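Student: predicted model and sequence below, questions to follow.
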Amino acid sequence: MTTLEDCPMIPNPDVMLVNRELSLLKFNERVMAMAENPSTPLLERLRYLCIVSSNLDEFFEIRISSLKEQIAQAPHTVRADGYTPTEAFACVQQATHELVDKQNQLLLNHVLPALMEEGIGLLRAPQWNEEQLQWAYDTFSREVKPLLTPIGLDPAHPFPRVYNKSLNFIISLAGEDAFGRTGSIAIVQAPRALPRLLKMPEHIAGIPHGYVLLTALISTFVEELFPGMDVKGCYQWRVTRNSDLFVDEEEITNLRQALQGELSQRNFGAAVRLEVDLSMPEKLAHFLQREFSLTSKDTYPVLGPVNLSRLSRLCDVPDRPDLVFSTYQAPIPAPFDHLEGPKDLFKAIAKQDQLLHHPYQSFQPVLSFLRAAALDPDVVAIKQTIYRTGEDSELMNLLMQAARAGKEVTVVVELMARFDEQTNINWAARLEEAGAHVSYGVVGYKTHAKMALVLRREQGDIRRYAHLGTGNYHPRTACLYTDFGLLTANQAIGADMEQVFSQLTGLGTRRNLQVLWQSPFNLHETMMAYIEQEIEHAKAGRKARVMAKMNSLLEPKIIHALYAASQAGVRVDLIVRGACALRPGVPGLSENIQVRSIVGRFLEHSRVFYFYNQGAEDLYISSADWMDRNFFRRVELGVPILDRRLKRRVINEAFRYALRDNQLAWKGLPNGSFARVRSRSGTVFNLHEHLMQELGQ
C-alpha cells in the first residue's frame, strides 16, 4: 500500500521540478486552511470547503484524466518531476484521499455543528420529529417521487447511462415483484431538475434556516418506489468522468458546430473517480467499481453529501452578515466617478493612462468604456476578445447594442474556454444575430488575451482607445478575483492590438509588434531574454532583480532560467497562488529565490512581471501564467505599464504589499511544500484588508 511517506513532493534531492498534481493538492490544502481557521467567518468557512470540493472535481476531470492517459501510453517513463506516471498516480491518489478525509471531518465535526448553533443547518432524517417527518414525506410525494425513475437491474434493464457528477442511488432489494421477478439491485438517478437542498419552513424546522438534503428524502422514502419489496439499503454515489474535449483540427470546417457535437458527449467520458456513501456495503461498492472500470483506490467514501459543493447555497442565507465577510463596496475611482458623458470618458483616457485594480476598485469603468463606445456617434468600431463573461452579461448586451446601432463590432469568442463552452456558443449566436462579426480565433490556439479596442473618429483621423487586463470580462468574478486593467489611448499599443485582431480574424504572416508581447510568438523568448539580461547585470556587479506574480509556474525553461539567475546573484521574488514546480531556497540552486502564495478573501488572479533593468524597472501586466500552454498554445499578451505613477502603484499593490503580508501568505519550501508566514515583530499586515482600505477610500 502506498503511504504519504512514500510520496514526497520531491522523490530525490536531484529532482529540480515539483510534481504538478501534488503541488495543486498543496494549493487546495491552503484553501482548506481558510476553512480550518476559526477567525474566518463561519459561513465563509463552509464556502471554502465547497471551493475545495469544486476544485477537486475539476482536478479529477482534467488532471487525473491526463495522468491515466499517461499511464496508458508510457506507464514507466520517468518524468521531469522524478516520478513515472504510475508512481505519480499512486501518490496523487493517496494525497487526495488524505485531503478528502480531512475535508469530511472538518465539515461534519466542526463547521456544520457550529452552524447549527447559529440556527443554520442540515436536518438529518434520524433526528426528524413527527411534524418534520410529515413535511418531508409530503415534499417527497409531491415534488420528488413523480420525477424519479427506479431501474431494477436485469437483462431487460441494463445499467443506466450515468451523467458526469450526477447524484445517484444504489438500492439493495429482496422479494418478488408483480411479475415474479426476484429483486436484487436497483438504481435511482436524481433528476438534475431537482434541487439538492430544500428549505424546511422555520416553524417546522425549529431553527431559522433549516435545510434537508434531497439525498435524505430519497433515502428515507425509497420504499415508496418499490412497493411490496424488501429494501435492504439505499446508498448515494456519483461518478466523475474525463471532461477534456477533443476536436480534430484537421477534420472540422465549423468549430462551433464541431464543439456543439462534442459537448453533448463530455458528460459521458471515461470514469476517473467514484464517490460512495461511507456506509455502502463493500459488495455494492465493488459492483459499481466493476461497472465503471475503477478500483478501490479510485473510490472515495464520504461521510456527508457526495457533492459537498451543493452546500454552497447555505453560504448565502439572508440576515446573517455576522457570519460572512463584511460587505465591501468597491468605489468607482477618479476620474470615472464624475464623468458627464461618453466624450468626457474618452478625454480622460486621452489625457493619461488609467489603472484599475479589481475587486478593490469597481468594474464599472470598464462597462462605462464599452457603453461610451456604443453610444458615442464618433465611435466607428469596437473590437473585443471574450474568454469568460457569464450567462447574464451587461458587457455583451452593450456590444450587441453597438452592433444594432450600425457600428463595426468584431468579437473574438473563445469557444474552448473550459466549462464555459456552451455559454460562449450561445453568446456567439446572439452576437451574430445582432449584426456583429464573430470569430473563434485560431483553431489549436486558445484566445486567452483580454482586450477591447475602440476606434473613434477625431478631427478627421482615427484615434484608438483600449482596455487590456489580466482578468476576464466577467462582472461577477471582478468582485472576487484580483486583476489589473489598463485603459489607454497610447497609439502604439492600439496599433499592436489592431494587428493582433487582424491575426485572429484574418490571415497573414507574423509581423513584430511595437510594444506588446504576444504568445505564441515572442512572449516566452522575450521573458527569457529579460531574465538573461538580469543575469548579465548581476555578473557585472550591478543590482539585479526579477519579480513575477501569477497563478501557476510550471514551464521548465523559465524555471531553469530562474535557477541560473539565482546562482548569478539575481534576487527573485515570486508570488504564485497555485501550482508551482520551482523549488525555492535550495542551496547552490535557488537560494536567492523566494516563493509566496497568497490565499484569502479574494482569489489572486493577476499576472505581473517586473525586471529591474538598471533602474528602468520594466513592468508588464499579462493574461499569461508561466505555463507551457500559455507560452506556446494560446494567444496571450504582455502589456507594458509606461506611466511612472501607475508603475509605482502596480509594484506596490502586486509585490511590495504581498511580500509584507503575514496573515494570508504561505512561504514555499525547498521540498515543494508550503508553510504559513508568521509575524516576527507582532505587526499584523493583511494584503487584502490593506488594499481595501487604501483603494476603497
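Tutor: Sure, I can see it.
Student: what residues of the helix ranked longest in the chain count as buried?
Tutor: Using DSSP state H to define each element, the chain has its longest helix at helix 85-106. Neighbour-count burial for helix 85-106, counted by 16 or more other CB atoms under 10 Å, picks out 85, 87-97, 99-100, 103-104, 106. The way it works is simple: take the backbone N, C-alpha and C, and place the C-beta from them, glycine included.
Student: then stretch 133-152?
Tutor: Of all the residues in stretch 133-152, those buried under the rule 16+ other CB under 10 Å are 135-137, 139-140, 144-145, 148, 150, 152.
Student: endpoints of it, how far apart?
Tutor: Stretch 133-152 stretches 27 Å from its first residue to its last (CA to CA, to the nearest Å).
Student: what is the nearest of the buried residues of stretch 133-152 to residue 186?
Tutor: Of all the buried residues of stretch 133-152, residue 152 has the smallest distance to residue 186: 4.6 Å, by CB to CB.
Student: quick check: the gap between the nearest residue to that closest one once chain neighbours are set aside and residue 169.
Tutor: For residue 152, ignoring the flanking residues on the chain, the nearest one in space by CB to CB, 6 or more residues apart in numbering is residue 186 at 4.6 Å. Between residue 186 and residue 169 the distance is 8 Å, computed by CB to CB, to the nearest Å.
Student: just residue 676 next, same as before
Tutor: For residue 676, the distance to residue 169 - CB to CB - is 41 Å.
Student: more neighbours: which of the two?
Tutor: The residue with the greater number of neighbours, taking residue 676 and residue 169 and applying other CB atoms under 10 Å, is residue 169; the counts read 22 against 12.
Student: and for stretch 487-504, what's in contact with it?
Tutor: With CB atoms under 8 Å, 6 or more residues apart in numbering as the contact definition, stretch 487-504 has outside contacts at 346, 349-350, 353-356, 365-366, 369, 383, 385, 410, 412, 439, 441-442, 447, 449, 451, 453, 463-468, 508, 510-511, 513-516, 518, 635, 637, 639-640, 642.
Student: for ChimeraX, write a command that selects the buried ones of those.
Tutor: Filtering the contacts of stretch 487-504 down to the buried ones (16+ other CB under 10 Å) takes a single ChimeraX command:
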select :346,349,353,354,355,356,365,366,369,383,385,410,412,439,441,442,447,449,451,453,463,464,465,466,467,468,513,516,518,635,637,639,640,642
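Student: can you show me the CA trace of stretch 275-289 as PDB?
Tutor: What follows is the C-alpha trace of stretch 275-289 in PDB, where atoms were taken according to Å, rounded to 0.1, in the frame of the first residue of the first chain:
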ATOM      1  CA  GLU A 275     -17.700   8.700  -4.600                       C
ATOM      2  CA  VAL A 276     -19.800   6.500  -2.400                       C
ATOM      3  CA  ASP A 277     -21.700   6.700   0.900                       C
ATOM      4  CA  LEU A 278     -19.400   5.600   3.700                       C
ATOM      5  CA  SER A 279     -22.000   3.100   4.900                       C
ATOM      6  CA  MET A 280     -22.300   1.400   1.500                       C
ATOM      7  CA  PRO A 281     -21.500  -2.400   1.800                       C
ATOM      8  CA  GLU A 282     -18.300  -3.500   0.100                       C
ATOM      9  CA  LYS A 283     -20.200  -5.800  -2.200                       C
ATOM     10  CA  LEU A 284     -22.200  -2.900  -3.700                       C
ATOM     11  CA  ALA A 285     -19.100  -0.700  -4.000                       C
ATOM     12  CA  HIS A 286     -17.300  -3.400  -5.900                       C
ATOM     13  CA  PHE A 287     -20.300  -3.800  -8.200                       C
ATOM     14  CA  LEU A 288     -20.100  -0.100  -9.100                       C
ATOM     15  CA  GLN A 289     -16.300  -0.300  -9.500                       C
END
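Student: pull out the buried residues from it.
Tutor: Neighbour counts over stretch 275-289 (16+ other CB under 10 Å) mark 275-277, 280, 284-285, 287-289 as buried.
Student: which member of those is positioned nearest residue 332?
Tutor: Distance from residue 332 was checked for each of these by CB to CB. The minimum falls on residue 275, at 44.6 Å.
Student: so the closest one sits in a strand?
Tutor: Yes. The assignment for residue 275, made by DSSP: H, G, I helix; E, B strand; the rest coil, places it in a strand.
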